[in-house]
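> Here you go, sequence then predicted model.
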Amino acid sequence: MRRHRKVKIVATLGPASSDYDTIRRLFEAGADVFRLNMSHGTQEEQRARYEIVRRVEADCQSPIAVLGDLQGPKLRVGTFEASAHALEEGDRFRFDLDPAPGDSDRVQLPHPEIFAAITPGTQLLVNDGKVRLKVVDCGPDFADCIVTSGGVISDRKGVNVPDVVLPLAALSAKDREDLEFACELGVDWLALSFVQRPEDVAEARELARGRAAILSKIEKPAAVRAFDAILAASDGIMVARGDLGVEMPVHSVPPIQKRLVRSCRAAAKPVIVATQMLESMIESPMPTRAEVSDVATAIYEGADAVMLSAESAAGRYPIEAVSTMDAVARSVEGDPVYREVIEASRKVDRTTVADGIVAAAREIAETTDVSAICAFTQSGTTANLVARERPRVPIIALSHELRVTRRLRLLWGTHCVLVPPVDRFKMAVVNSARVAREHGFADETNQIIVIAGVPFQVAGTTNILRVARCDERLIYRTDPE
């Protein structure tokens, strides 16, 4: 199924999108990647959704990526005698390890690692930052605070500690169990929540053992500070603006988003922009103008994908949300200014033969009559490098590895096709021409560019380029010589 846009759409599955008909309609409306949120639902519910996605994939004969999103460590207060209390600015309030129900003066915070890391002056944010407190005194089992922004504090509300790197493992016991479950299930991408340092990524990669690509969610100030190292350790990035906007000044999030997207593009690694993109469509069939502008901004920046969360998982209008995102993407990408912005922001340090090959492919495509760039890829590296160039023509990624075609579904501008293995570049050209015609990218009068690595079946050896015409004589050649 060919998309007539470059940016990809990630749709979260949930109670509103758990049956075959809805998931297929989401795919047909434009969803390229389906997200399984391990924070909600049981493993058996996620298994059922995954199996339906694979049925849709088989029925539509098009690779589909599945992203398993791990919950990450959740910091929460305990319970209260009266369920909730209102705190006013200037009030004193204590957090401690005492499991007794809380009151207007104190509540349990069952995380000794927080007390070990904080110092006087540290901020504690409760309930997505609606209640803000500053530590005035602390010890190994308590923190006395003053309320700097009042509000209601209630049972088991989340706590954020933006000022310090907490000595927490990025993977909780639940995450480790969910990671193994997701890898055994066959997800293509694993999203890590609350990453703070590159070591968090390394731990997940060791546990995944190559069964899924690792995508780091940037939602902590520590992750922003260590971003270059985290990017180097990751296969992809998600700019998760929800918690990022809680733990950092909200006005700082847009420039951070722009900077992270550009860094990912330069590194040839896919980046998703996520959180509250079409939030009003949870209840409304129409988005707000501000939401449309938000989605458009991410697309103008060159993000590989934009993501729907509750809009498609629990909202009343999941199909409409995907269709709206698809329409916004087509409109933006049809704007001449879009190409100007994308090309002006292309900044790549080219140091390898592969860099030169893909840059040459883009230059040839933009100065001659070429209909598509076909990238034969063993590991996905060639397709990633081509997508980094953000060419004007479509990218067709061809691989004999189904897992590779699925993972590349997240990649900007990439149409993924499973093909038989080849051992000669001639047959790679033949297969490319055949696919380009069968999938509607070219006819017998058109030319395509084919790039690959020789010898075949060796990852990371992009070293050859050919311009070929898609005529009948080429397509029906079967000899490798």
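Right, received. Where do you want to start? Numbers count the residues shown, from 1 in each chain.
> so where does V417 fall, helix or strand?
In this structure, V417 sits in strand 414-418 according to DSSP states H and E.
> I'd like to know how far A31 sits from I319.
Going from A31 to I319 by C-beta to C-beta, to the nearest Å gives 10 Å. Placement of C-beta: from N, CA and C, glycine included.
> Could you point out the longest helix of the protein?
Residue-count comparison of every helix in the chain, with assignments taken from DSSP state H, identifies helix 43-60 as the longest.
> Now do that helix, average pLDDT.
Per-residue pLDDT values over helix 43-60 give a mean of 98.
> helices or strands up against that helix?
helix 20-29, strand 33-37, strand 65-69, helix 173-185 (3 or more C-beta pairs under 8 Å, 6 or more residues apart in numbering; DSSP states H and E).
> elements contacting the second one?
Counting contacts by 3+ C-beta pairs under 8 Å, 6+ apart, the secondary-structure elements packed against strand 33-37 are strand 8-13, helix 43-60, strand 65-69.
> Identify the residues contacting V159.
75-77, 109, 111, 114, 124-126 (C-beta atoms under 8 Å, 6 or more residues apart in numbering).
> Give me the phi and psi angles of it.
The phi/psi pair for V159 (degrees, to the nearest 10) reads phi -120, psi 130.
> ok, back up a step: excluding its own residues, what touches the strand holding V417? List them.
Counting by C-beta under 8 Å, 6+ apart, 2-3, 62-63, 383, 386-387, 394-400, 402, 405-406, 408-409, 435, 439, 441 sit against strand 414-418.
> Could you identify the buried members of those residues?
Taking 16 or more other C-beta atoms under 10 Å as the criterion, what is buried in the contacts of strand 414-418 is 3, 62-63, 383, 386-387, 394-400, 405-406, 408-409, 435, 439, 441.
> among the residues you listed, which are in strands?
Under the assignment DSSP state E, the buried ones among the contacts of strand 414-418 contribute 395-399 to strands.
> now, the most widely separated pair of these?
Pairwise distances across those peak at 12.7 Å for I395 and S399 (criterion: C-beta to C-beta).
> ok, which stretches of the stretch 351-481 of the chain are strands?
For the stretch 351-481 of the chain, the strands identified by DSSP state E, counting those that start in this stretch occupy 370-376, 395-399, 414-418, 447-453, 462-469, in order along the chain.
> Averaged pLDDT, the last one. What do you get?
Pointing back at strand 462-469 there. Along strand 462-469, the predicted confidence averages to a pLDDT of 93.
> distance between it and the chain's centre?
From the chain centre to the centre of strand 462-469 is a distance of 31 Å (C-alpha atoms, centre = their mean, to the nearest Å).
> for the second one, same thing?
Average the C-alpha atoms of strand 395-399, do the same for its chain, and the two points are 20 Å apart (C-alpha atoms, centre = their mean).
> How about stretch 162-171, which residues are buried there?
Along stretch 162-171, these residues count as buried under the neighbour rule (16+ other C-beta under 10 Å): 162-164, 166, 168, 170-171.
> how many neighbours does G14 have?
Neighbours of G14 under the rule other C-beta atoms under 10 Å: 21.
> brain fart, V429
A count of neighbours around V429, defined by other C-beta under 10 Å, yields 23.
> what residue ranges in the protein are flagged as low confidence?
Within the chain, the stretches falling below the threshold (pLDDT under 70) are 460, 472-481.
> per-domain residue ranges of it.
Split into domains by automatic domain parsing, the chain comes to 8-72+170-335, 84-160, 353-475.
> Where do the helices of the stretch 51-200 of the chain begin and end?
For the stretch 51-200 of the chain, applying DSSP state H, counting those that start in this stretch gives helices covering 112-117, 173-185, 198-208.
> for the next helix or strand after the last one, packing partners?
The C-terminal neighbour of helix 198-208 among helices and strands, as given by DSSP H and E, is strand 213-218. Using 3+ C-beta pairs under 8 Å, 6+ apart as the contact test, the elements touching strand 213-218 are strand 189-192, helix 198-208, helix 227-233, strand 236-240.
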